[in-house]
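Colleague: Next come a sequence and a model predicted from it.
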Amino acid sequence: MATCNAHYYATRDPLGECGDFTTAPEISQMFGEMVGAALADVWMRAGKPERAVYAELGPGRGTLAADALRVLGAVGFEGTTHLVENSPTLRAAQSVNLPDAKHHDRLEELPPRPLLLAANEFFDALPTRQFGLDGERQIKWDGEGFFFTTEEVQREESPSRLQAMRRLAGHLKRRGGCAFVIDYGYWEGSGDTLQALRAHEKVHPLTEPGECDLTTHVDFGALAEAAREEGAAVTSMISQGSWLETLGIGARASALAAANPERTESIAHDRRRLCDEAEMGTLFKVMAVHSPDWPAPAGFPE
């Protein structure tokens with residue numbers, strides 16, 4: 001999974017209608033604006049620390065960052081922008097949207113400063129191990145193609161995700177800041193969630209390795225435990241739709257429609273895609289990890 005995704009992301013821009021999937025920031029500016037508003041709020045309540053920087057893990061084309069930074073800038077945030085990205089293709093796109101951003105290969109390269117961080121659909125692409133009754137599921141080659149050693153999967157685990165979260169949580173504990181993790185996933189317990197996407201359609205994960213987007217659902221409960229072990233504070237997990245509505249996406253949609261009456265229906269349609277249960281609203285979840293010295297971010301149940 002690690003090898004396939006490394007090749008996949010290094011050789012293409014997978015986003016949009018001509019790609020393999022569409023992420024929330026590419027659907028509407030409202031998504032990035034809500035992330036920016038939530039980060040702006042917690043930054044202001046933390047006392048507007050001047051050393052804080054904006055950071056993003058797996059930032060796509062830089063669309064989310066551009067929208068979030070526009071909101072952050074409106075409240076006086078002037079921190080630098082740091083993007084953790086390995087794909088040369090996506091780095092080029094990010095440099096167009098964010099010409100002053102600094103790129104990093106690894107999370108641990110982020111500057112030793114308070115972070116205002118977003119990780120949207122980052123953890124799902126990290127490699128995952130799967131286990132059935134007879135032990136770990138493996139992939140073998142029979143001379144003609146790849147095949148799974150078993151079709152039964154009872155549980156999944158991702159050491160790479162836990163390692164990334166520990167590094168992030170440790171940074172927040174030592175340096176301050178707040179991070180939003182947004183992804184499809186669950187709190188605990190799952191079977192087989194491995195999936196592959198190509199041209200917006202699901203295909204078999206072993207079809208054309210390296211040419212499809214491979215993901216598994218994120219175990220938010222495991223991430224929360226890893227973050228707490230490093231001394232960070234963690235909110236509850238909430239659905240993306242509930243989070244966005246609580247933050248005020250309805251009011252933002254109304255304001256956009258008033259300023260662009262010819263786009264009223266498309267704005268309403270985009271809001272439904274982001275928030276409705278039948279769309280992304282329930283499938284995607286949100287959790288915040290923050291310094292224990294910073295206030296809890298808005299939008300989460302107490």
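Modeller: Yep, that arrived.

Colleague: what helices or strands is the strand or helix carrying residue 170 leaning on?
Modeller: Counting by DSSP states H and E, the element that carries residue 170 is helix 159-175. Counting contacts by 3 or more CB pairs under 8 Å, 6 or more residues apart in numbering; DSSP states H and E, helix 159-175 is packed against strand 115-120, strand 177-186, helix 220-229, strand 284-290. Backbone N, C-alpha and C define where each C-beta goes, glycine included.

Colleague: Now do the buried residues in that helix.
Modeller: Neighbour-count burial for helix 159-175, with 16 or more other CB atoms under 10 Å as criterion, is recorded at 160-162, 164-173, 175.

Colleague: hang on, isn't residue 272 packed against residue 280?
Modeller: No - counting by CB atoms under 8 Å, residue 280 is not a contact partner of residue 272; they are 9.5 Å apart.

Colleague: Nearest spatial neighbour of the residue sitting nearest the centre point of the chain, chain-adjacent residues omitted?
Modeller: The residue lying closest to the centre of the chain (CA atoms, centre = their mean) is residue 120, at 1.5 Å. Leaving out its chain neighbours, the residue that sits closest to residue 120 by CB to CB, 6 or more residues apart in numbering is residue 182, at 4.5 Å.

Colleague: now swap in residue 28 and tell me
Modeller: Closest to residue 28 by CB to CB, 6+ apart is residue 270, at 3.8 Å.

Colleague: Tell me the secondary structure of the one you found, please.
Modeller: Look at residue 270: counting by DSSP: H, G, I helix; E, B strand; the rest coil, its state is helix.

Colleague: per-residue confidence for it?
Modeller: According to the prediction, residue 270 has pLDDT 97.

Colleague: same thing with residue 76?
Modeller: Residue 76 carries a pLDDT value of 98.
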